[in-house]
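>>> one predicted model, sequence on top.
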Amino acid sequence: MAKLRRLVKALEADGWTAAAKREDFVLYTHRTKAGRLTLPSYKCAVPDAVALELAALAAIVLKPE
């Protein structure tokens, strides 16, 4: 299980910013890349397959722990 904070740090390092916050979710957008990502706003662990899929959608590579 991958920690959500690790994924958020990788997104922010690549230039993704939090565009909108709701009660349980945060919407991330990028200035030059198309698309949006919606992530939970609370601390949680995400399955590795989900973390890799989100990284692929964001066009980033997650470093191994």
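Alright, I've got the coordinates. Numbers count the residues shown, from 1 in each chain.
>>> so how far is Y42 from the residue sitting furthest away from the middle of the chain?
Centroid-distance maximum for the chain: E23 at 16.8 Å, with Cα atoms, centre = their mean. Applying Cβ to Cβ, to the nearest Å, the value for E23 to Y42 is 10 Å. Quick note: C-beta positions are derived from backbone N, CA and C, even for glycine.
>>> still on that earlier bit, and the pLDDT for the residue farthest from the centre of the chain?
pLDDT for E23: 87.
>>> and it, which of the three is it?
coil (DSSP: H, G, I helix; E, B strand; the rest coil).
>>> now it: closest residue in space, sequence neighbours ignored.
Nearest residue to E23 in three dimensions, chain neighbours excluded: S41, at 7.6 Å (Cβ to Cβ, 6 or more residues apart in numbering).
>>> before we move on, what about G15?
Using Cβ to Cβ, 6+ apart, the nearest residue to G15 is H30, at 5.7 Å.
>>> centre of the chain versus stretch 12-29, how much separation?
Its chain's C-alpha centre and that of stretch 12-29 lie 8 Å apart, by Cα atoms, centre = their mean, to the nearest Å.
>>> next: stretch 52-65.
Distance, stretch centre to chain centre, for stretch 52-65: 8 Å (Cα atoms, centre = their mean).
>>> repeat for stretch 6-26
In this view, stretch 6-26 has its centroid 6 Å away from the chain centroid, taken as Cα atoms, centre = their mean.
>>> which residues of this structure score low on pLDDT?
Within the chain, the ranges that satisfy pLDDT under 70 run 65.
>>> that one: helices as residue ranges?
With DSSP state H as the criterion, the chain has helices at 4-14, 48-58.
>>> now render those as CSV, adding mean neighbour count.
Compiled in CSV, the helices of the chain are given as follows (neighbours: other Cβ atoms under 10 Å):
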stretch, mean neighbour count
helix 4-14, 15
helix 48-58, 15
